[in-house]
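Asks: sharing a model prediction with you, sequence too.
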Amino acid sequence: MAANLANTIGVWMAVFFTLAILSFLYKDNPFYKLAEYVYVGLSAGYWLIYVMFFDVKPMIVDKFLQEQGFERYIIIFPAFLGALMLCRMIPRIAYVSRVAIAFTMGISAGLGVTGAIHGMILPQVKATMLPLNDINNVIMLVGVISTVVYFYFSREHKGAFGVAAKVGIIFVMISFGAAFGYTVMARISLLIGRAYFLFHDWLGII
Amino acid sequence: MKQRIPIAISFITGIIIIVAFYFPNGPLGDIEQRTLVWFAVVAGISMVVGVESLLRVNLMKVARRRPGWGFSLILLASCILTLVTATIGQIKYGSPFHVDSPFMYVFSYMVVPLQATMFAVLAFFIASAAYRAFRARNLAATLLLLSAVLVMLGRVPIGETIWKGFPQISDWIMNVPQIGAKRGIMIGAYLGAAATSIRIILGIERSYIS
């Protein structure tokens, strides 16, 4: 009984927020603003709990309780870095957080070099090295080279370089168009999902 | 000093990660694994700083009764609601993410519909933007229009009903010219990312400590 009531209240709340967001299609209004602020507040709280529960807790608290000796006490170091990061909230000692930021930036930069070159650039170049016995492979190779040329702005797009850049823009436009088509379809499917919720879960007419 | 120490830390950690890549089985490999876990922890804790900043800005707005303070109060209440329900879920069920936890109730009946509708509404704005951008005024706009229409027609049942060739054309666009351009963009973007990373490690790029 209580579960049914909670479910009914939940559906009505979901309906209210769905209609409040959809009301923005008419014009900006207080109902939309209310839903927008509720969404921001809930999302901030949700992701904070998510990160604490699935990231910080297992890697710091649980590990500290499970491990022994050196493995146990080395965990204090990332916790200390985390504490330094929290110093950003206190303006007088906010500069201390630079140590933690520098640490994360250093790791990101290190991964940026190895990850970008080994994980992305080389595999993409390797995948482009195809035998040119198929028209599709030729088109793909032309597409990759001309797109790279188009995004190379250190040289003026003139002559043969300019022609290659013009071919590049053709491929870029086709790619953006395809990506757009995909995005529209994803959004429309979400819209259908919300309409189904309103007409099925709430009104029960379909 | 306030700048030199962070730059030195970035340099050392960046170099360790790069060198460890070439010696994955030695002690450096172990350090790399550890630093990656530490990175995840620090990045996770930095979320607290972000949420605190959001709450502080809205709290100030409420305290000073600035225009729209009522909405800021709603934002604060919503955030507190998730924290309270998560605490109840932790105490009562051992986890806020337990299926019966009030935290998951808030997620299912508030966060999910709000998020889904917010993105669904974008369909209308995308359509109106498309009307402005897709008018076939030149070759580039015409290609954009054709490519988008063909991909959409090829991926919906009505497209196949109109003409059986639409799905094949859509697949060809996605697998050949689209992949070609995407690969070119990715190669360019990651070359830029690698160059920026090297600038950070060498201390040329310092905007993150300003």
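Replies: Alright, I've got the coordinates.
Asks: by residue count, what's the longest helix in the chain?
Replies: The chain I'm using is chain A. Ordering each helix of chain A by length in residues (DSSP state H) puts helix A:159-196 first.
Asks: right idea, wrong chain: chain B
Replies: helix B:27-63.
Asks: in contact with the spatially most central residue of chain A, which residues?
Replies: In chain A, the centroid-proximal residue (C-alpha atoms, centre = their mean) is A:Trp47; its distance is 13.2 Å. For A:Trp47, the contact set (C-beta atoms under 8 Å, 6 or more residues apart in numbering or on different chains) comprises B:47, B:51. Every C-beta, even on glycine, is put in place using the N, C-alpha and C of the backbone.
Asks: just the helices in chain B please.
Replies: B:4-22, B:27-63, B:69-93, B:102-106, B:112-133, B:139-155, B:157-162, B:165-175, B:177-201.
Asks: now these as TSV including mean neighbour count?
Replies: Formatted as TSV, those follow (neighbours: other C-beta atoms under 10 Å in any protein chain shown):
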stretch	mean neighbour count
helix B:4-22	19
helix B:27-63	17
helix B:69-93	18
helix B:102-106	21
helix B:112-133	17
helix B:139-155	20
helix B:157-162	12
helix B:165-175	17
helix B:177-201	20
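Asks: redo the ones you listed as a markdown table? Include distance to chain A and mean pLDDT.
Replies: A markdown table is the format used below for the helices of chain B (distance: least, C-beta to the nearest C-beta, whole Å; pLDDT from 0 to 100):
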| stretch | distance to chain A | mean pLDDT |
| --- | --- | --- |
| helix B:4-22 | 3 | 91 |
| helix B:27-63 | 4 | 90 |
| helix B:69-93 | 3 | 96 |
| helix B:102-106 | 6 | 96 |
| helix B:112-133 | 4 | 87 |
| helix B:139-155 | 3 | 89 |
| helix B:157-162 | 11 | 89 |
| helix B:165-175 | 5 | 93 |
| helix B:177-201 | 2 | 94 |
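Asks: any bit of the helix or strand bottoming out on mean pLDDT in chain A sitting next to chain B?
Replies: Ranked by mean pLDDT, DSSP states H and E, the helix or strand of chain A with the weakest confidence is helix A:69-73, at a mean of 86. No - using C-beta under 8 Å from any C-beta of the partner chain, helix A:69-73 stays clear of chain B, coming no nearer than 10.0 Å.
Asks: packing partners of that helix?
Replies: Packed against helix A:69-73 by the contact rule (3 or more C-beta pairs under 8 Å, 6 or more residues apart in numbering or on different chains; DSSP states H and E) you find no helix or strand.
Asks: what lies in contact with it?
Replies: By C-beta under 8 Å, 6+ apart, helix A:69-73 touches A:63-64.
Asks: also stretch B:131-140?
Replies: A:169-170, A:173, B:141-142, B:144-145, B:148.
Asks: one more pass at 10 Å, please.
Replies: For stretch B:131-140, the surrounding residues in contact (C-beta atoms under 10 Å, 6 or more residues apart in numbering or on different chains) are A:166, A:169-170, A:172-174, A:176-177, A:180, B:126-127, B:141-146, B:148-149.
Asks: skip the chain neighbours and tell me the closest residue to B:Leu76.
Replies: Among residues not flanking B:Leu76 along the chain, B:Asn58 sits closest, at 5.6 Å (C-beta to C-beta, 6 or more residues apart in numbering or on different chains).
Asks: residues in contact with that neighbour?
Replies: Contacts of B:Asn58 (C-beta under 10 Å, 6+ apart): A:37, A:40-41, A:44, B:66, B:68-69, B:71-76, B:79.
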